[in-house]
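A.B. asks: Mind folding the following:
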Amino acid sequence: AESSAVSEEKVVLLDDGKNAVARGRHAVSAIVRKDRVVEAVLFVVAFIVRIYRYDQPRASVFDETHFGRFISQYDLREYFFDIHPPLAKLTMYFVAKLFGFHAIDKHRFEFRAIGVPFPEDLVWKPFRIVPILFGAACVPLMFRTSRKLGIGRIISLFAALCICFDLCNVIESRLMLTDSQLIFYCGLALYLMLELWDVPLDKRVLVPTRRFALVVATGLACGAAISVKYTGLGTPGLTGLVSLLGLYFPVHGGRVPFVECVVIGAVGLSLFFTCFYIHITLLWKEGDGDAFMPAYFRETLAGDHFYKASAFHRAREGFTLPVFWFWKSVGYLNAEMIRASARIKSTHPWQSSWWTWTFTKRGVYYYSDHGGKPNHTGRIYLMGNPIVYWAVIALIVLFVCAQLVLALRRIYAFFRDRRRRFRSPLPPPSSSSEASELTASRALLSTTKKDDGDPFSRAAATSAAAATVRGVSTYQFSCVGWFLFSGWALNLLPFLDVDRPTFLYHYLPGLWYGILLASWTLHAAPARFYRAKVVLALVLLVAIIAAYLYFMPWVYMLPLSPKQTEAMRWLSTWN
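C.D. replies: Residues are numbered from 1 along each chain as shown. Predicted coordinates:
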């Protein structure tokens, strides 16, 4: 009986506590019907939250001036330069073309200044619909990722609604911006990697087709994340290290065969290369980005003063580019993009430091409109939902404190056991029950030695002594928690020492991991606190929705009087 109980404790990490069997796939692997219904409802709610008044204002808002101009230059075939890779811009351009977009003559309208009204004949709404769809899709993706980690349905719902009603996520996905695509691809890459890690090593040969499809899909998601912004490298980098080295994350060691890692990398780089191939192929005329490129490249841009017809026909005849020419150009272009980003030294009135993002100390004033009601002003002010941000950072601090306590307990137990061994040897068993316990312990130790390469064996061997919390051992709590903490910290790392202006929206990839870590910390609370943590999650949900409703005038540009505006400034830095 004891040995069977031991085998049942040896479960896959990603488990919701139901139907756990030895080395068995967890119950969440085949997403249950209830979860699919929840995901569908979440997408609808998130879509409504984001599409409401999406056509207001009918003018350029903040960085829409850049992305609108880039998309127009795609249509005009004029070469431009941007410090970010082209996938998100290409996506918005091709979707807009499906709805009849054509660039307006520059003498009549150009995306150059904030607040300039769009002409009546400009097809601009698809520019905002694309981010809305990606932003809405992030919400059920967060729910599914939480469930994949084995987090209960209520707390997974808490995680999803943190994304749904976070003001920063909502605003970034309502405008002609690229961050909603970045967050979606990063989240998708993480989820697919969790799926990949969940396939046991000794069962891979039984499902080669599904395994290969999962590897390719993971590579595409990782490549897409990097092809939107370089900061999307955080998730592929972290999961890649775990997969290659089998680092401290107990999903069958976290290791992925080297060949599969190579395939993931090759697929991702191929997508990255393809995006730049399309980008350069489309832009064959001179434009405002010519000066960033070398002479051999400018020779192929029609209208440039370096232009040579022979070079143009050799490099771009029939909209095809020689591979060797393209690799050289893409390498130079990416290096110049990095150098140009590093050269940005100017300050910005709405910039903020990375350490202020975790509690949304300062936002970004995106837009204001003094029309409508007398003495009322409509504003779009980018800020985080304070309840989300404050709850996330509080639960992250709680996780770190819990880890310190667990570390101190382990150190104390280690020295206590050493002292006991030196003082008195282990006495022989005096009863049949003690003999059976000793036999079970020896069986566990032999299992540990036999499967020493599998962290689950070590976890099972110590599970009798380790505290378990509703199916989560302290070992699992630590491993998954530190993995998520690493993702949160790694996405903040690029902004620790940079000279260029940084803004609150740069925190969004890190916030994704922060919400997962906060949810994991709630989920892993001891079983005796189960009702308390569920109540806490529900209270936080109510507070998050209430905060969203309170601050929604700053999301949807609803007119406010000066007194109403001042009442919403909870912090003096929200100006």
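A.B. asks: low-scoring stretches of the stretch 151-300 of the chain, by residue?
C.D. replies: Under the criterion pLDDT under 70, the flagged ranges of the stretch 151-300 of the chain are 200-208, 247-254.
A.B. asks: can you do 80?
C.D. replies: Under the criterion pLDDT under 80, the flagged ranges of the stretch 151-300 of the chain are 199-210, 246-255.
A.B. asks: Okay, helices next: where are they in it?
C.D. replies: Per DSSP state H, counting those that start in this stretch, the stretch 151-300 of the chain carries helices over the ranges 153-164, 167-172, 179-197, 208-228, 234-245, 258-282, 295-298.
A.B. asks: wait, which of these is closest to residue 514?
C.D. replies: Among the helices of the stretch 151-300 of the chain, the nearest to residue 514 by Cβ to Cβ is helix 153-164 (9.2 Å). Heads up, the C-betas are built off the backbone N, CA and C, glycines and all.
A.B. asks: Buried by neighbour count: which residues of that closest one qualify?
C.D. replies: The neighbour-count criterion (16 or more other Cβ atoms under 10 Å) identifies 153, 155, 156, 157, 158, 159, 160, 161, 162, 163, 164 as the buried residues of helix 153-164.
A.B. asks: Turn those residues into TSV, including distance to residue 104.
C.D. replies: Converted to TSV, the buried residues of helix 153-164 look like this (distance: Cβ to Cβ, whole Å):
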residue	distance to residue 104
153	49
155	49
156	45
157	44
158	45
159	42
160	39
161	40
162	39
163	35
164	35
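A.B. asks: Looking at these, which one is closest to residue 197?
C.D. replies: The shortest distance between residue 197 and any of the buried residues of helix 153-164, using Cβ to Cβ, involves residue 156 and amounts to 18.6 Å.
A.B. asks: Please give me every residue in contact with the nearest residue to that closest one once chain neighbours are set aside.
C.D. replies: Counting by Cβ to Cβ, 6 or more residues apart in numbering, residue 146 is the residue found nearest to residue 156 once chain neighbours are left out, at 3.7 Å. For residue 146, the set of contacting residues under the criterion of Cβ atoms under 8 Å, 6 or more residues apart in numbering consists of 155, 156, 159, 160, 516, 519.
A.B. asks: Looking at the host helix or strand of residue 146 now, give me its mean pLDDT.
C.D. replies: Taking DSSP states H and E as the criterion, the element that holds residue 146 is helix 125-148. Model confidence over helix 125-148 averages 96 on the pLDDT scale.
A.B. asks: Run a quick check on residue 295 versus residue 306, I expect a contact.
C.D. replies: Yes: Residue 295 lies in contact with residue 306 (Cβ atoms under 8 Å); the separation is 5.3 Å.
A.B. asks: Could you check which of those two has the larger neighbour count?
C.D. replies: Of the pair residue 295 and residue 306, residue 306 is the one with more neighbours under other Cβ atoms under 10 Å, namely 16 against 10.
A.B. asks: Ignoring the adjacent residues along the chain, who's closest to that one?
C.D. replies: Closest residue in space to residue 306, ignoring its immediate chain neighbours: residue 298 at 3.9 Å, by Cβ to Cβ, 6+ apart.
A.B. asks: these two touch, right, the one you found and residue 287?
C.D. replies: No: taking Cβ under 8 Å as the contact criterion, residue 298 and residue 287 are not neighbours in contact, 10.7 Å apart.
A.B. asks: circling back: just the angle for the helix holding residue 146 relative to helix 179-197, thanks.
C.D. replies: Taking axes from the mean of the first three to the mean of the last three Cα atoms, to 10 degrees, helix 125-148 and helix 179-197 form an angle of 30 degrees between their directions.
A.B. asks: Report the distance from stretch 62-69 to the chain centre.
C.D. replies: Computed by Cα atoms, centre = their mean, to the nearest Å, the separation of stretch 62-69 from the middle of its chain amounts to 23 Å.
A.B. asks: ok, and what's touching that stretch?
C.D. replies: 60, 80, 82, 89, 92, 110-114, 124, 127, 175-178, 364, 366-367, 380, 382.
A.B. asks: Now do the SS call for residue 378.
C.D. replies: Following DSSP: H, G, I helix; E, B strand; the rest coil, residue 378 is assigned to strand.
A.B. asks: dump the residue contacts of it.
C.D. replies: By Cβ under 8 Å, 6+ apart, residue 378 lies in contact with 57, 368, 369, 370, 371, 372, 553, 557, 558, 559, 560.
A.B. asks: what about the longest helix in this protein?
C.D. replies: Among all segments of the chain classified by DSSP state H, the helix with the greatest residue count is helix 386-423.
A.B. asks: Can you list the buried residues in that helix?
C.D. replies: Of the residues in helix 386-423, those buried under the neighbour-count criterion (16+ other Cβ under 10 Å) are 386-393, 395-396, 399, 402-403, 406.
A.B. asks: Quick one: these as CSV, columns for pLDDT too.
C.D. replies: Converted to CSV, the buried residues of helix 386-423 look like this (pLDDT from 0 to 100):
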residue, pLDDT
386, 96
387, 97
388, 97
389, 97
390, 96
391, 96
392, 97
393, 97
395, 96
396, 97
399, 95
402, 93
403, 94
406, 89
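A.B. asks: Show me which pair in those is furthest apart.
C.D. replies: 386 and 406 (30.2 Å).
A.B. asks: What's the local residue count around the nearest residue to residue 99 once chain neighbours are set aside?
C.D. replies: Spatially, and ignoring its direct neighbours in sequence, residue 99 is nearest to residue 126 (4.7 Å; Cβ to Cβ, 6+ apart). When neighbours are defined as other Cβ under 10 Å, residue 126 has 19 of them.
A.B. asks: check contacts around residue 126.
C.D. replies: Residue 126 sits next to 92, 95, 96, 98, 99, 101 when contact means Cβ under 8 Å, 6+ apart.
A.B. asks: Thank you kindly, that will do.
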